[in-house]
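Trainee: quick one: sequence plus predicted model below, questions after.
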Amino acid sequence: ETGVTQSPTHLIKTRGQQVTLRCSSQSGHNTVSWYQQALGQGPQFIFQYYREEENGRGNFPPRFSGLQFPNYSSELNVNALELDDSALYLCASSYYPNEQFFGPGTRLTVL
Amino acid sequence: AQSVSQHNHHVILSEAASLELGCNYSYGGTVNLFWYVQYPGQHLQLLLKYFSGDPLVKGIKGFEAEFIKSKFSFNLRKPSVQWSDTAEYFCAVNARRDDKIIFGKGTRLHILP
């Protein structure tokens, strides 16, 4: 157990809807990174938040957005869902710039 | 740009066989290297990591990996696999001052009992 928790565990949405995924970082960590793992692929970096500011972004469109709160928990928001957004979304926390610890993930299915 | 290449997408071995999974990365600077494992239905777990020092790194469950800087490689090894090693294995890299982790596409390992 890493101490990183994510909610919900599973989620089913339809195309065009919006979704919010949540991540609670491990105690003492100030950085949260989000990754998308499509079926049969390795995780891909979406973005990172450090002290409530975006601190790097991967190759994802603007409809993927995030927030980090003063307690360092984080949300990932995806607007206008597409079928290809179906994936496991992983959150990882760290005390920048050290090792990241991954949560169990949220499995999103878009119908 | 950083990238990670895993040589085998799917490996099938019998119990007690030796394992070597290949991994090469592309990056010009100093890197941190990782192997992660994802057991069926479970979350991503760190097997081992290399930050600096001895290029032969020992991890959990009898796994080890060797960093060969001249070859940009970080191959994962285990002398004798068990059925419980059936999982997907990901090689990953990040730059020393940048936490973004770049993952390979993964190798699905299936151990026959």
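Mentor: It's in.
Trainee: quick check: which ranges of the chain have low pLDDT?
Mentor: Answering for chain A, as no chain was given. For chain A, residues meeting the criterion pLDDT under 70 lie at A:1-2, A:97.
Trainee: meant chain B actually
Mentor: Scanning chain B for pLDDT under 70 picks out the ranges B:96-98.
Trainee: what's the burial count for residue 93?
Mentor: Looking at chain A here, since you left the chain open. The number of residues packed near A:Ser93 is 28, by other CB atoms under 10 Å in any protein chain shown. C-beta: built from backbone N, CA, C; applies to glycine.
Trainee: I was after chain B.
Mentor: Using other CB under 10 Å, the number of residues around B:Val93 comes to 23.
Trainee: is the helix or strand hosting it anywhere near chain A?
Mentor: In the assignment (DSSP states H and E), B:Val93 maps to strand B:87-95. Yes. Using CB under 8 Å from any CB of the partner chain, we find that strand B:87-95 touches chain A at B:Phe90, B:Ala92.
Trainee: how far does the following helix or strand past that strand sit from the chain's center?
Mentor: Downstream of strand B:87-95, the first helix or strand assigned by DSSP H and E is strand B:102-103. In terms of CA atoms, centre = their mean, to the nearest Å, the centre of strand B:102-103 is found 11 Å from the chain centre.
Trainee: just the buried positions in whichever helix or strand comes after strand B:102-103, please.
Mentor: As assigned by DSSP H and E, the chain's next helix or strand after strand B:102-103 is strand B:107-112. Within strand B:107-112, the residues that count as buried by 16 or more other CB atoms under 10 Å in any protein chain shown are B:Thr107, B:Leu109, B:Ile111.
Trainee: beta partners of the second one?
Mentor: Each beta-bridge partner of B:Leu109 is listed here, defined by DSSP bridges: B:Val11, B:Ala87.
Trainee: got the contact list for it?
Mentor: Contact analysis of B:Leu109 by CB atoms under 8 Å, 6 or more residues apart in numbering or on different chains lists B:Val11, B:Ile12, B:Leu13, B:Leu19, B:Leu21, B:Val81, B:Asp85, B:Thr86, B:Ala87, B:Glu88, B:Tyr89.
Trainee: between those residues, which is closest to chain A?
Mentor: Distance to chain A across those (CB to the nearest CB) is lowest for B:Glu88, with 9.0 Å.
Trainee: before we move on, the earlier item: of the contacts of B:Leu109, closest to A:Phe47?
Mentor: B:Glu88 (24.0 Å; CB to CB).
Trainee: return the residues in contact with that closest one.
Mentor: If a contact means CB under 8 Å, 6+ apart, then B:Glu88 has B:Val37, B:Gln38, B:Gly106, B:Thr107, B:Arg108, B:Leu109 as its contacts.
Trainee: what number of residues lie near the second one?
Mentor: Neighbours of B:Gln38 under the rule other CB under 10 Å: 21.
Trainee: just confirm A:Ser24 contacts A:Phe69, I think it does.
Mentor: No. Applying CB atoms under 8 Å as the test, A:Ser24 and A:Phe69 come out as separate, 9.8 Å apart.
Trainee: out of these two, which sits in the busier spot?
Mentor: Taking other CB under 10 Å, A:Ser24 and A:Phe69 do not tie; A:Ser24 has more neighbours (20 against 14).
Trainee: distance check, that one against A:Asn55.
Mentor: Separation of A:Ser24 from A:Asn55 (CB to CB, to the nearest Å): 19 Å.
Trainee: and if you look at A:Asn98?
Mentor: Applying CB to CB to A:Asn98 and A:Asn55 gives a distance of 14 Å.
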